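**Student:** Next comes the sequence, and after it the predicted model I'd like to discuss.
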Amino acid sequence: MNTLKLAVDIRKTLRSEKREFTLDVSFTSSSDSLVIYGPSGAGKSLTLQAIAGLLTPDSGSIRLNGSLLFDSSQRINLAPQARKTGFLFQNYALFPHLNVLQNIGFGLHAGWRNPGRHLLQERVAHWLKVFELEPVANQYPHQLSGGQQQRTALARALASDPQALLLDEPFAALDPDLRSRMRHELIELRSRLHIPLIMITHDSEDVRLLGDEVLEIRDGRIQENGGTATASVLAV
């Protein structure tokens, strides 16, 4: 299993008419499965988005596997594509007008904005097979089950050969039975692909099954009892 080497030290303040929220997180991780755990609104998604390059911190730095992804003092801010991370959104963010094959292949090449319906590239074919999506390759997202949608989104995230897979509450929208099944599929996927995971969740079962290393976040800050899947974290 590849080991993740991640160093995050960032600050970001978000303001609206009714609220001001400050994300102020600093942590390092050398784990192949890091789970960031906490309640809704704690800053989990903001942290993950900052690592992926979807959110620009006000200050600080982010380093992944020896590469500097962001550094405010040096004015370094790599584009999401250059960070070589695969991102799985909570709602999967599949393109409704593209079929499964096209969704997986989207973005493999710069400038490829609408891949041909029947263009089956080698890499796309590989991930169709890995996730057992070949029978639905020409179907559209609205024609898929929840599990098939998630597998399609995972295949798309992995098709670009990322150095880490970032998961934003990947099971939150699933019913309990499917949630349990997809957890175990993800565990099995980890063992086969040897790709580091960074996952955020508010579900203690995700922490128990997937958290080799756990950080607890509340009110925009990492809690001191984070770092391992302790009984106090799991009991929240």
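**Tutor:** Done, it's in.

**Student:** just checking, what packs against the single longest helix found in the chain?
**Tutor:** Ranked by residue count under DSSP state H, the longest helix found in the chain is helix 176-193. On a contact count with 3 or more CB pairs under 8 Å, 6 or more residues apart in numbering; DSSP states H and E, helix 176-193 meets helix 146-159, helix 204-210. C-beta coordinates here come from the backbone N, C-alpha and C atoms, glycine included.

**Student:** can you tell me which of those comes nearest to Leu108?
**Tutor:** Proximity to Leu108, assessed across the helices and strands packed on helix 176-193 by CB to CB, is greatest for helix 146-159 (6.0 Å).

**Student:** all helices for the chain, in order.
**Tutor:** Using DSSP H, helices in the chain cover 44-52, 100-105, 122-130, 146-159, 176-193, 204-210, 231-234.

**Student:** got any ranges where the protein has weak pLDDT?
**Tutor:** 1-3, 107, 109-120, 225-236 (pLDDT under 70).

**Student:** who are the neighbours in contact with the closest residue to Ile36 other than its chain neighbours?
**Tutor:** Nearest residue to Ile36, sequence neighbours excluded (CB to CB, 6 or more residues apart in numbering): Ile200, at 4.6 Å. By CB atoms under 8 Å, 6 or more residues apart in numbering, Ile200 lies in contact with Val35, Ile36, Tyr37, Lys44, Ser45, Thr47, Leu48, Leu167, Asp168, Glu169.

**Student:** One more: Glu20?
**Tutor:** Counting by CB under 8 Å, 6+ apart, the residues that Glu20 touches are Thr13, Leu14.

**Student:** So what pairs up with it in the strands?
**Tutor:** With DSSP bridges applied, Glu20 shows beta-bridge pairing to Arg15.

**Student:** distance of it from Lys12?
**Tutor:** Distance from Glu20 to Lys12, counting by CB to CB, to the nearest Å: 11 Å.

**Student:** list residues touching both of those two?
**Tutor:** What both Glu20 and Lys12 touch, as defined by CB under 8 Å, 6+ apart, is an empty set.

**Student:** Between helix 122-130 and the longest helix of the chain, find me the angle.
**Tutor:** If you take axes from the mean of the first three to the mean of the last three CA atoms, to 10 degrees, helix 176-193 sits at 130 degrees to helix 122-130.

**Student:** okay, the angle between helix 176-193 and helix 146-159?
**Tutor:** Interaxial angle of helix 176-193 relative to helix 146-159 (the same axes, to 10 degrees): 30 degrees.

**Student:** In CSV, list the C-alpha atoms belonging to helix 176-193.
**Tutor:** Taking Å, rounded to 0.1, in the frame of the first residue of the first chain, the C-alpha atoms of helix 176-193 are listed here in CSV:
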residue,chain,number,x,y,z
PRO,A,176,-28.3,1.8,5.0
ASP,A,177,-28.0,-1.4,3.1
LEU,A,178,-26.3,0.1,0.1
ARG,A,179,-24.1,2.2,2.4
SER,A,180,-22.8,-0.9,4.1
ARG,A,181,-22.2,-2.7,0.8
MET,A,182,-20.3,0.3,-0.7
ARG,A,183,-18.1,0.7,2.4
HIS,A,184,-16.9,-2.9,2.0
GLU,A,185,-16.5,-2.4,-1.8
LEU,A,186,-14.2,0.6,-1.0
ILE,A,187,-12.2,-1.4,1.5
GLU,A,188,-11.7,-4.1,-1.1
LEU,A,189,-10.8,-1.4,-3.7
ARG,A,190,-8.1,-0.1,-1.4
SER,A,191,-6.6,-3.5,-1.1
ARG,A,192,-6.5,-4.0,-4.8
LEU,A,193,-5.4,-0.6,-6.1
